[in-house]
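Student: Can you look at this prediction? I've put the sequence above it.
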Amino acid sequence: MAHQQPKKVKLKIHGMHCASCEVLIERKFKKVSGVEKVYVNHASGKADLLCSREPDIRELNRLVERDGYTVSLWHDRNNTTVRAAIHKNTADDYIQMGGIFLMIVAVYYMLKQFDFLPNFSITERMNYGLIFMIGLFAAVSSCIAVVGGLLLAIASKHNELYPDLTGVQKFKPHIYFNLGRIAGYTLFGGIVGALGSVLTLSPRVNGYLMVFVSMIMLILGFQLLHLFPGLRRLTPKMPKFISHKIHDLSAKENRGAPFTLGALTFFLPCGFTQALQLYVLATGDWKVGALTMMVFSLGTLPALLSLSAVSSFVKGAFQKHFLRFAGVLIVLLGAYNINNGLVLAGYNINPVSAFRSGQNVDRSDMPVAKIVDGKQIVKMTVKGLEYQPNRFTVIEGVPVEWQIDGRDAIGCGRVLVMPTIGLNKYLSPDGMTTITFTPTKTGTIPFNCSMGMMTRGSEFVVVPNTEGIVGANIEAVQKTKTPVCDPEIASCLIQKLAIEVSRERGISPSSLTVKKGVPVELTIDNKVPLGGCMSVWVIPKYDVTIPMEVGVVKTTFTPTETGTTYITCSMGSKMAEIIVKD
């Protein structure tokens, strides 16, 4: 009898919204007798099957209908009966979205007004409380499809091998799986963050990457709200063969399988996971990466520990309202972080300011510096990751004495950068920090931290000196200051230290030894472009700020106490240590 050629069948899958759907449907269809190969694309909704015999559409529908999908032949994809089962937004849906938007914005500004906003952030701009919420949303909306299916497969295999287990013992695979998931996300998140520091992206490229991540968040939010379905094609995803390999491991008999597979879910297709992976890559900090992914995995924990309960309530009215709230919040979060990325890329954009400038409103409402003894006195407080106030009007040609209270600054906010005048300054955690500079021309002088994550639109507006005010001679004052080496205070011998930063050797050496009371000249030969928090190094103990440009950078200080002093990046990550001995 002649060998029968496999038949190609093209189907339309209604209801898909992410890459997880592809993996879930492919694995279910492959179990159908006669189906040899399956390829599913969630963006087009198309499924291509290679079959020895044509499958029964009713059987395929039964396999996936509980997961919210509907199957039809490709040529029947526009059938009105089939399309009626697919959700389309109505006027009421858009009104609800608008109401949720107004509610979230109102609650945010109310909490901010009363200073009730919890600050979970340690070193990054994205609030860890929000990351936890993203985990909650992801588990119910998309990650539950593949990760939950993998967990149930492992538990079923375990119970099949050991049928006499008690109820508590049968629940052990769930515990081990979730412990492995938390451990894996923490470990791999730290690795991705460390990889970001090795790549040493420039601040501008880092900013563009942050904008890209924020755009992905926007697209994911739109998917939850059933808006702009064509944008699904733009979301990044892991290669599907990785997901299938991980699922295949669940069939093997191994007591350690639940923990291992839980850790490997880091590589399964979930748009939220991929967005956060890119986010921690952009931070270039292993601690932020580990914390971010750990908090995200903890957010998914409640849903994965109670799959049966979740399965019951995520398909009704609860799912509809919960995911609508999640979608609006994710869209707002993505839009907020787009602006942060633009600031980091060098675009000092403030929507409120832009609107006002379009209305030709003058800057008379901005604090105007008072002139005392030929200097313009400006005062600012740093609270967490905010400058208060953050915009000032000063006069051209008159020195500015900028008094900054940075005792409550956190993370990147401890280092202030003014790129246009080449100023980098570490803000003292114990008192006031004073910065003196002279604006030489009219225009704006923007300032922020080295990561661009502080208050947007922060700047000095320099106006013409129409009254002919004569400023103090600050150069003469600076020349009268005590020299670096005073024989009556310390030895005038100079301790010369050298550090090299390269791709081959990293930071070498990472440990240096000096004598107390003897001035130090530290030379850093930087051979790679450093971005993010590594673009500025700090010796907090001695208020030393080092802008890490490519080339040779020098700084001086005098160690006054024995012990270990650290050189850190602008966000506090340790780069090297200096051991001070008598």
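Tutor: Thanks, I have the structure now.
Student: could you pull out the strands for the stretch 51-200 of the chain?
Tutor: 70-73 (DSSP state E, counting those that start in this stretch).
Student: What ranges in it fall below the confidence cut-off?
Tutor: 79-87, 111-127, 140-146, 148-170, 197-200 (pLDDT under 70).
Student: If residue 381 is in a bridge, with which residues?
Tutor: Beta-bridge pairing for residue 381 (DSSP bridges): residue 388, residue 405.
Student: residues near it, how many?
Tutor: 15 (other CB atoms under 10 Å). C-beta here means a position set from N, CA and C on the backbone, and glycine is covered the same way.
Student: Tell me if I'm right that it and residue 402 touch.
Tutor: No: Residue 381 is beyond contact range of residue 402, at 12.0 Å (criterion: CB atoms under 8 Å).
Student: what packs against the helix or strand where residue 567 lies?
Tutor: Assessed by DSSP states H and E, residue 567 sits inside strand 563-569. Under the contact definition 3 or more CB pairs under 8 Å, 6 or more residues apart in numbering; DSSP states H and E, strand 563-569 sits against strand 536-539, strand 574-581.
Student: buried sites along the longest one?
Tutor: Across strand 574-581, burial judged by 16 or more other CB atoms under 10 Å covers 575, 576, 578, 580.
Student: For residue 73, list each beta-bridge partner.
Tutor: residue 11.
Student: That one - how many residues pack around it?
Tutor: So residue 73, with other CB under 10 Å, has 14 neighbours.
Student: pLDDT-wise, which helix or strand of this protein ranks last?
Tutor: Taking mean pLDDT, DSSP states H and E as the measure, the helix or strand of the chain with the lowest value is helix 351-358, at a mean of 43.
Student: Need the nearest residue in space to the residue nearest the centre of the chain, chain neighbours excluded.
Tutor: In the chain, the residue lying closest to the centroid (CA atoms, centre = their mean) is residue 279, at 3.6 Å. Nearest non-adjacent residue to residue 279, counting by CB to CB, 6 or more residues apart in numbering: residue 213, 4.8 Å away.
Student: hang on, that neighbour in a helix?
Tutor: Yes: under DSSP: H, G, I helix; E, B strand; the rest coil, residue 213 falls within a helix.
Student: right, and it touches residue 283 too?
Tutor: No: if you go by CB under 8 Å, residue 213 and residue 283 don't touch, sitting 10.2 Å apart.
Student: Listing partners with orientation, what would you give for the strand holding residue 567?
Tutor: strand 536-539 (antiparallel), strand 574-581 (antiparallel).
Student: quick one: the shortest one to chain centroid distance?
Tutor: Here the centre of mass of C-alpha atoms in strand 536-539, compared against the chain's by CA atoms, centre = their mean, to the nearest Å, lies 22 Å away.
Student: Who are the packing partners of whichever helix or strand comes after that strand?
Tutor: Once strand 536-539 ends, the next helix or strand along the chain (criterion: DSSP H and E) is strand 544-547. Contacts defined by 3+ CB pairs under 8 Å, 6+ apart place strand 544-547 against strand 423-426, strand 536-539, strand 551-557.
Student: Among these, single out whichever gets nearest to residue 273.
Tutor: strand 536-539 (30.6 Å; CB to CB).
Student: Just the CA atoms of the closest one, as CSV, please.
Tutor: Only the C-alpha atoms of strand 536-539 are listed here, as CSV (Å, rounded to 0.1, in the frame of the first residue of the first chain):
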residue,chain,number,x,y,z
VAL,A,536,30.1,57.8,38.4
TRP,A,537,32.2,56.3,41.2
VAL,A,538,32.2,57.5,44.8
ILE,A,539,34.4,57.3,47.9
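Student: for that strand, what is the average pLDDT?
Tutor: Averaging the model's pLDDT scores along strand 536-539 yields 88.
Student: For it, which outside residues touch it?
Tutor: 414-415, 417, 424, 426, 450, 524, 544-548, 555, 557, 565-570, 575, 578 (CB atoms under 8 Å, 6 or more residues apart in numbering).
Student: Show me which of those residues are buried.
Tutor: Judged by 16+ other CB under 10 Å, buried ones among these: 414-415, 417, 424, 426, 450, 524, 544-548, 555, 557, 565, 567-570, 575, 578.
Student: that older thread, in terms of pLDDT, where does the residue nearest to residue 279 sit?
Tutor: The model's pLDDT for residue 213 equals 74.
Student: where's it relative to residue 274, distance?
Tutor: In this view, residue 213 and residue 274 are 9 Å apart by CB to CB, to the nearest Å.
Student: The two: which has the busier surroundings?
Tutor: Neighbour totals were compared for residue 213 and residue 274, and residue 213 leads with 25 against 20 (other CB under 10 Å).
Student: Could you list the domains of the chain?
Tutor: Domain ranges of the chain: 7-84, 118-344, 364-479, 495-581, per automatic domain parsing.
Student: Mind checking the strands paired with strand 563-569 for the one nearest to residue 44?
Tutor: strand 536-539 (46.5 Å).
Student: quick one, helices of the stretch 301-450 of the chain?
Tutor: With DSSP state H, counting those that start in this stretch as the criterion, the stretch 301-450 of the chain has helices at 307-313, 317-344, 351-358.
Student: Also the stretch 151-300 of the chain?
Tutor: Under DSSP H, counting those that start in this stretch, the stretch 151-300 of the chain gives helices at 167-170, 172-199, 203-224, 240-249, 257-264, 271-283, 286-305.
Student: What is the third one packed up against?
Tutor: Going back to what we said before, that points to helix 203-224. Helix 203-224 packs on helix 271-283, helix 317-344, going by 3+ CB pairs under 8 Å, 6+ apart.
Student: Okay, buried residues for that helix please.
Tutor: Those would be 203, 205-224, for helix 203-224 by 16+ other CB under 10 Å.
Student: And for the last one?
Tutor: Within helix 286-305, the residues that qualify as buried are 286-301, 303-304, counting by 16+ other CB under 10 Å.
Student: In the stretch 401-550 of the chain, where is pLDDT below threshold?
Tutor: Along the stretch 401-550 of the chain, segments meeting pLDDT under 70 span 475-492, 531-533.
Student: please redo it, this time with the cut-off set to 80
Tutor: For the stretch 401-550 of the chain, residues meeting the criterion pLDDT under 80 lie at 411-412, 419, 450-453, 456, 471-493, 503-506, 528-535.
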